[in-house]
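Engineer: predicted coordinates and the sequence they were generated for:
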Amino acid sequence: MAHEALQNCPLFSQISPAYIDRILTVLHATEQTYPTDTVLVHAGSSSSRLGIVLSGDIEAWRTGMTGSEFLSAHMTCGGVFGDLMAACGTESPVTVRTGSISRILWISYPSLPALFSHSTEPALQEACTMFLRNLIFAMATKYFALDRRLEILTLPSLRDKILYYLSHCLTPASNGGRTIPFSQSVWADYMHCDRSALSRELSRMRADGVIRTEKRTIWLCTDAPNEGETP
């Protein structure tokens, strides 16, 4: 298994690499590589597996009342998906597909109770307990991510939406820049707006001195480097 990718995954935070393979064996984990635009989960389907992105990226798309699709979530290496659906046993409200060539690690959710009957070894039991704590934390985190998304959709102007997304949904790098994790067209879908409208507003924000951009990286006026500094 790809230990480096799994160590970036919140489910394996604070778990020694020595126990990762043992946990995955109990959970009947399987790894598979998929081409770009492969559907991993169909809307309306149910599954007892949760997935971890080892490489590449995945996108979750929701179909609105008018039949048009909009981006619900985007995940890169270490991202976890399908956990809420597997836990609740409900049908998926979104279609999940790969945004690029992606390696996915699948875990059997019904195998979770076996973590505590598999071994009486104290260190392994501690690792299994941490795994379950991390899973609960990951599920709770998704609630707050959804709350932020709803906040974006209720804001009155596109500029407000952009500023909220940059300030609350992205972590700035050491130089203050915030890198958009997907293309501008996908970002527009996430913001539930037209791509050309997003492009125009970003141009106006640059002209107004609100932001500074370099490809997909954006600096807010409060954390933008001084003129002459290399972003």
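Structural biologist: Right, received. Where do you want to start?

Engineer: residues contacting the nearest residue to residue 131 once chain neighbours are set aside?
Structural biologist: Sequence neighbours aside, residue 23 is the residue nearest to residue 131 in space, at 5.8 Å (criterion: Cβ to Cβ, 6 or more residues apart in numbering). Bear in mind the C-beta positions are built from the backbone N, C-alpha and C, glycine included. Taking Cβ atoms under 8 Å, 6 or more residues apart in numbering, we find residue 23 in contact with 15, 115, 127-128, 131.

Engineer: let me have the residues you listed in JSON lines, extended by distance to residue 151.
Structural biologist: Output for the contacts of residue 23, formatted as JSON lines (distance: Cβ to Cβ, whole Å):
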{"residue": "15", "distance to residue 151": "33"}
{"residue": "115", "distance to residue 151": "36"}
{"residue": "127", "distance to residue 151": "36"}
{"residue": "128", "distance to residue 151": "36"}
{"residue": "131", "distance to residue 151": "31"}
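
Engineer: returning to that earlier point: which helix or strand lies directly C-terminal to the helix or strand containing the residue nearest to residue 131?
Structural biologist: Residue 23 belongs to helix 17-26 when assigned by DSSP states H and E. Scanning forward in sequence from helix 17-26 by DSSP H and E, the next helix or strand is strand 30-34.

Engineer: what segments of this protein are strands?
Structural biologist: Counting by DSSP state E, the segments of the chain that form strands are 30-34, 39-41, 49-55, 58-63, 69-75, 80-81, 95-98, 102-108, 178-179, 211-214, 217-220.
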